[in-house]
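Colleague: this is a predicted model, with the sequence first.
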Amino acid sequence: VQLQASGGGSVQAGGSLKLSCPASRIILSTWSTSRMGWYRQAPGKQRELVAELTSGGSTNYQDSVKGRFTISKDNAKRTVYLQMNNLEPEDTAVYYCNIKTTSRDYWGQGTQVTVSS
């Protein structure tokens, strides 16, 4: 499984970005039973979970992004998304997508999100 995150950039506070993470070399049955997640890591800080989407369709968000971020997926495109609205300078970080199958974790390369005040 290979993941390729994209969609990061520089925006002003209050702006929006949509991150995408298409997965290649993954069969539908594995995709459908996997948990999807977006993490971020700011300079000098540990990587933290931002949002997750279970195989059953449940979502979970870090408190600081609730109501602003939305995680979703497109099964046909094997792609997981993170819609980020009303961005704040505190959201500045490198964002990583993650797919957890029944056997292992897969990580994409990070995409930088920079929010200026």
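Modeller: The structure has been received and is ready for your questions.

Colleague: just checking, which helix or strand of this protein averages the lowest pLDDT?
Modeller: Lowest by mean pLDDT, DSSP states H and E among the helices and strands of the chain is helix 28-32, with a mean of 89.

Colleague: how distant is it from the center of its chain?
Modeller: Here helix 28-32 is found 18 Å from its chain centre; the criterion is CA atoms, centre = their mean, to the nearest Å.

Colleague: and the contacts of the following helix or strand past it?
Modeller: Next in sequence after helix 28-32, counting helices and strands by DSSP states H and E, comes strand 35-41. Here strand 35-41 makes contact (CB atoms under 8 Å, 6 or more residues apart in numbering) with 19, 21, 47-55, 69, 71, 73, 80, 82, 91, 93-100, 110, 113. Every residue, glycine included, has its C-beta placed from N, CA and C.

Colleague: pull out the buried positions in strand 35-41.
Modeller: 35-40 (16 or more other CB atoms under 10 Å).

Colleague: next up, identify which helix or strand the nearest residue to Gly7 once chain neighbours are set aside is on.
Modeller: Sequence neighbours aside, Leu19 is the residue nearest to Gly7 in space, at 4.1 Å (criterion: CB to CB, 6 or more residues apart in numbering). For Leu19, the host element (DSSP H and E) is strand 17-24.
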